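Trainee: Below are the sequence and a predicted model for it; my questions follow.
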Amino acid sequence: MASGGNIYRWYDSPIGGTVLFEGNPFVTLILSETKRYYVSNVNGLESTREELLVTVFPNPEIICPDPVSYFTNSINFNFNVINGSSPFEFVIDFGDNTTLTTLTQTVSHTYMEDGVFDLGIIVKDVNGCVSSCETEVIVYKGIFIPNVITANKDTKNEIFNLYYILNNQYVTYNGEEDFLLEIYNRWGNKIYFTTDPVSGWNGEEVDTGTFYYNIKIGSQNFRGWIQVLR
């Protein structure tokens with residue numbers, strides 16, 4: 001907004017150019033980048049033009065995490081922001097009737113129950129520009145990894161796998177994250193692997209003994225030993 005004159009004439013260049021508006025204030029169109037305007041004071045005679053710089057700040061864009069399953073109820077979240085001007089303020093709705101306002105991009109939260117939670121994140125930068133995103137957080141608070149299987153075809157304790165506990169039942173994981181199950185012998189040789197979260201390992205190709213596993217689900221790893229009995 002200009003002040004101190006009778007009529008204000010707004011231009012798109014310092015000399016010549018196009019008259020964009022006469023009056024005050026001059027409301028620009030929605031701008032996607034910083035732009036210069038030029039304004040003169042008409043009071044009988046027209047004054048020289050003064051430059052006015054309209055600065056457009058880039059809107060922050062938060063990179064929302066993909067839907068992720070966690071086999072723990074205590075979760076660390078890291079929020080990445082591109083564009084915008086720091087410092088950033090985050091308002092986080094964890095989806096369990098808990099919210100947090102923070103200036104840090106890494107936060108921890110503990111879910112008290114298993115379930116699927118809608119995680120909502122709002123980010124505001126130092127210029128007041130705002131963006132938001134939403135994603136799902138799937139929490140399996142109770143997991144079970146057996147350390148013994150009996151490869152004797154009696155249909156009991158025959159499949160080694162990672163399970164989660166739902167309604168007091170052991171359920172095979174079948175989520176969206178990349179899955180890998182590896183079995184090693186005592187010399188460190190890999191003897192079995194699968195990327196199918198349902199298949200598991202039945203130990204039918206080995207004798208009685210102790211073996212070692214690595215289970216990877218997304219970015220989470222579970223390692224330990226498994227004994228095969230016959």
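Mentor: Cool, the structure landed. Here the structure is a predicted model, which means the values were calculated and not measured. Numbers count the residues shown, from 1 in each chain.
Trainee: pLDDT weak spots in the chain?
Mentor: 1-5, 141, 155, 166-167, 175-176 (pLDDT under 70).
Trainee: which stretches of it form helices?
Mentor: Counting by DSSP state H, the chain has no helices to list.
Trainee: Could you chop it up by domain?
Mentor: Taking automatic domain parsing as the domain assignment, the ranges for the chain are 7-54, 61-139, 143-229.
Trainee: start to end distance for the last one?
Mentor: Domain 143-229 stretches 23 Å from its first residue to its last (CA to CA, to the nearest Å).
Trainee: now that domain: how far from the chain's centre is it?
Mentor: 29 Å (CA atoms, centre = their mean, to the nearest Å).
Trainee: just stretch 128-143 next, same as before
Mentor: Here stretch 128-143 is found 7 Å from its chain centre; the criterion is CA atoms, centre = their mean.
Trainee: Double-check residue 62 against residue 77; I have them as touching.
Mentor: No: at 11.5 Å, residue 62 does not count as touching residue 77 under the criterion of CB atoms under 8 Å. Quick note: C-beta positions are derived from backbone N, CA and C, even for glycine.
Trainee: For those two, indicate the residue with more neighbours.
Mentor: Taking other CB atoms under 10 Å, residue 62 and residue 77 do not tie; residue 62 has more neighbours (21 against 18).
Trainee: How about that one: what's its closest non-neighbour residue?
Mentor: residue 123 (4.7 Å; CB to CB, 6 or more residues apart in numbering).
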